[in-house]
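> fold the stuff below for me.
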Amino acid sequence: MEKMTLSEHFEELRLRLKWSLFFFATATIAAFIFRIFFLELVKRPHLWASAKLNLPAAVFVFRYQDHFISQMKICCAAGFILAFPFILYQALKFVFAGLFPNERKRIFSYLFPFLFLFILGVFFSYFILIPYGFYFLSLYGIQVGLQPIINFNDYVSLFMVLMLAGGLVFELPLVMVFLVRIGWVTVADFRKKRRHAILITLIVSAVLTPPDPFTQLILGVPLILLYEVGLFFANFLGQRKPLNKLTLPIKSVEQG
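Numbers count the residues shown, from 1 in each chain. Purely as a prediction, here's the structure:
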């Protein structure tokens, strides 16, 4: 296998970072040009919750700079999503430059399930967790005569946190399979700690979601189901030859 010097590794990293930043910047500019579309996409869960409660759908900003800040948050997030396939390609090109073919196949075996579960979690957050969470949070206020005035900048921040949280927590089955494959945890351990796991998932849901019990359950129940799914696949895939070592044999680096 061809060796790479330390300077060549840094040059490869610099090249991949340069291209990644180029794709991200280009996609962010494109998102800014079409920012009205992305703003409407972000506001849709709020509009749904407002319509269900017969509330005004308007959102507000309370500082002059929030007009720009909230839009740039959305455009940067949209730009990253649009550029993600290209950024991922650059990251893989850099990582694969130092791996043997069998390590590359191993990464691919986890990459596609990771992306699928993350996208599934994002869709769950967008169509279920966020709109119903906002609905019940607003409902609590209406029941005691409180009229919500939504700060759009705060709304965008909460929206992004919940979208990211949904994507990450849906990786639970993959994490469980990985831990079993590398021998850190056994399927029997997961079964034995099921009650503890349920408690932890409820705590995680409480931390990641707004402080209302219904929203926490919206995320907590799928997390418990994901734990069972992870247990099933860990039991099924754990029968294969375990990954005894986490070492990724990287090409030799010569000081130069």
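
> need the longest helix for this structure.
helix 64-96 (DSSP state H).

> which parts of that one are buried?
Residues of helix 64-96 classed as buried: 66, 70-79, 82-83, 86-87, 90, 92, 94 (neighbour count, 16 or more other Cβ atoms under 10 Å). To be clear about C-beta, it is placed using only N, CA and C from the backbone, and glycine gets the same treatment.

> tell me where this structure has helices.
Per DSSP H, the chain carries helices over the ranges 6-33, 35-52, 64-96, 101-124, 130-143, 152-169, 172-181, 187-192, 194-208, 213-237.

> most packed of those helices?
Of the helices of the chain, the one with the most neighbours on average (mean count of other Cβ atoms under 10 Å) is helix 172-181, at a mean of 21.

> gap between it and the chain center?
Between the centre of helix 172-181 and the centre of its host chain there is 17 Å, according to Cα atoms, centre = their mean, to the nearest Å.

> tilt between it and helix 213-237?
On the basis of axes from the mean of the first three to the mean of the last three Cα atoms, to 10 degrees, helix 172-181 is oriented at 40 degrees to helix 213-237.

> tell me the average confidence for helix 172-181?
Taken as a whole, helix 172-181 has a mean pLDDT of 90.

> tell me what angle that helix forms with helix 101-124.
150 degrees.

> contacting residues around helix 172-181?
110, 113-114, 117, 185-187, 190, 223, 226-227, 229-231, 233-234, 237-238, 240, 242-243 (Cβ atoms under 8 Å, 6 or more residues apart in numbering).

> ditto for stretch 76-88
19-20, 23-31, 38, 160.

> distance to residue 10 and pLDDT added to the residues you listed, as CSV?
Listed next are those as CSV, based on distance: Cβ to Cβ, whole Å; pLDDT from 0 to 100:
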residue, distance to residue 10, pLDDT
19, 15, 96
20, 15, 96
23, 21, 97
24, 21, 97
25, 22, 97
26, 25, 97
27, 26, 97
28, 26, 97
29, 29, 97
30, 31, 97
31, 31, 97
38, 36, 97
160, 33, 95
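
> quick one: which of those residues is nearest to residue 121?
residue 160 (13.7 Å; Cβ to Cβ).

> ok, that closest one touching residue 70?
No - contact criterion Cβ atoms under 8 Å: residue 160 and residue 70 do not qualify, at 10.7 Å.

> now render the contacts of stretch 76-88 as JSON lines, adding distance to residue 13.
Putting those into JSON lines (distance: Cβ to Cβ, whole Å) gives the following:
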{"residue": "19", "distance to residue 13": "11"}
{"residue": "20", "distance to residue 13": "10"}
{"residue": "23", "distance to residue 13": "16"}
{"residue": "24", "distance to residue 13": "16"}
{"residue": "25", "distance to residue 13": "18"}
{"residue": "26", "distance to residue 13": "20"}
{"residue": "27", "distance to residue 13": "21"}
{"residue": "28", "distance to residue 13": "22"}
{"residue": "29", "distance to residue 13": "25"}
{"residue": "30", "distance to residue 13": "26"}
{"residue": "31", "distance to residue 13": "26"}
{"residue": "38", "distance to residue 13": "31"}
{"residue": "160", "distance to residue 13": "28"}
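
> would you mind listing the two of those that lie farthest apart?
The widest separation within the contacts of stretch 76-88 (Cβ to Cβ) is 25.1 Å, between 19 and 160.

> quick check: residue 219 touching residue 166?
Yes - counting by Cβ under 8 Å, residue 166 is a contact partner of residue 219 at 7.4 Å.

> between these two, which contacts overlap?
With Cβ under 8 Å, 6+ apart, residue 219 and residue 166 have common neighbours residue 129.

> sorry, back to before: ok, of the helices of the chain, where does mean pLDDT dip lowest?
helix 194-208 (a mean of 83).

> what comes into contact with stretch 149-159?
Under Cβ under 8 Å, 6+ apart, the answer for stretch 149-159 is 42, 45-46, 58-63, 66, 69-70, 73-74, 130, 210.

> between the residues you listed, which is closest to residue 143?
Using Cβ to Cβ, these come closest to residue 143 at residue 210, 16.2 Å.
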